[in-house]
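Undergrad: any chance you could fold what I've pasted below:
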Amino acid sequence: MSEAWFGLIGAVLGGTIGVLGSLGAARMARQAQQHQWHRQVRRDAYSTMIVEARRAIHLAGSAIESVRESWADAEELLNGYRAAVHRVEEATALVALEGPGNVADLAAATFLHLNELAVHITNLEDREHPTAWRQAHQGHAAAPEHVQAFTKACSQALADPVQGQ
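TA: Just a heads-up that it's a prediction; the model follows:
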């Protein structure tokens with residue numbers, strides 16, 4: 001073979017490697033961009049859940065304290081709390097879609113706890129209900145622990161590229 005053939009083969013191989021390298025780099029850039037977009041969608045779902053759950057916990061505390069004064073005032077706050085729990089339910093659905101499973105499970109547990117707390121607060125209307133105050137106060141006190149566990153799992157999911165996929 002002549003030197004011209006070697007030059008031609010070298011040029012073709014070099015060009016092919018260059019094109020494949022460019023395509024591979026473009027694909028990797030697209031994957032990184034898609035991963036970052038998906039991570040941001042998760043972050044948004046998680047933060048919405050956290051904000052709405054904290055808002056609901058605050059409203060629950062206000063409703064519990066208001067019951068001592070007047071049920072009529074407390075009922076308005078309780079309705080606000082129920083609306084907040086509904087927003088937590090919507091946020092829970094978004095987290096369930098985004099995952100991963102352990103984060104979705106903690107979101108569901110937080111929602112269920114806050115929903116059960118609404119029942120306990122409603123029971124406060126019956127001043128004779130033997131355990132209503134204890135259940136309402138204990139449920140309200142435990143609610144931030146649910147949000148904290150959820151928040152920790154979210155942080156781990158966002159920091160771990162394998163779990164976050």
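Undergrad: please report how far the spatially most central residue of the chain lies from residue 40.
TA: For the chain, the residue nearest the mean C-alpha position is residue 46 (2.5 Å; Cα atoms, centre = their mean). For residue 46, the distance to residue 40 (Cβ to Cβ, to the nearest Å) stands at 11 Å. Backbone N, C-alpha and C define where each C-beta goes, glycine included.
Undergrad: what segments of the chain are helices?
TA: For the chain, the helices defined by DSSP state H cover 3-69, 71-98, 101-123, 132-159.
Undergrad: which elements pack onto the second one?
TA: Of the remaining helices and strands, those touching helix 71-98 by 3 or more Cβ pairs under 8 Å, 6 or more residues apart in numbering; DSSP states H and E are helix 3-69, helix 101-123.
Undergrad: in the shortest one, what's buried?
TA: Buried residues in helix 101-123, counted by 16 or more other Cβ atoms under 10 Å: 103-104, 106-108, 110-111, 113-114, 117-118, 120-122.
Undergrad: and it, average pLDDT?
TA: Averaging pLDDT along helix 101-123 yields 93.
Undergrad: leaving out chain neighbours, which residue sits closest to residue 71?
TA: residue 125 (5.5 Å; Cβ to Cβ, 6 or more residues apart in numbering).
Undergrad: report how many residues lie close to that neighbour.
TA: Using other Cβ atoms under 10 Å, residue 125 has 13 neighbouring residues.
Undergrad: and the one 4 residues further on, by the same measure?
TA: By other Cβ under 10 Å, 15 other residues sit near residue 129.
Undergrad: about what we covered before: save the buried residues of helix 101-123 as TSV, and put in distance to residue 148 too.
TA: Shown next, in TSV, are the buried residues of helix 101-123 (distance: Cβ to Cβ, whole Å):
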residue	distance to residue 148
103	13
104	17
106	10
107	13
108	16
110	10
111	15
113	12
114	14
117	16
118	20
120	20
121	21
122	26
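Undergrad: which residues touch the closest residue to residue 43 other than its chain neighbours?
TA: Counting by Cβ to Cβ, 6+ apart, residue 43 lies nearest to residue 158, which is 6.2 Å off, once chain neighbours are set aside. Applying Cβ atoms under 8 Å, 6 or more residues apart in numbering, one finds that residue 158 lies in contact with 39, 42, 43, 46, 164.
Undergrad: how far away is the first one from residue 150?
TA: Pointing back at residue 39 there. Distance, residue 39 to residue 150, by Cβ to Cβ: 17 Å.
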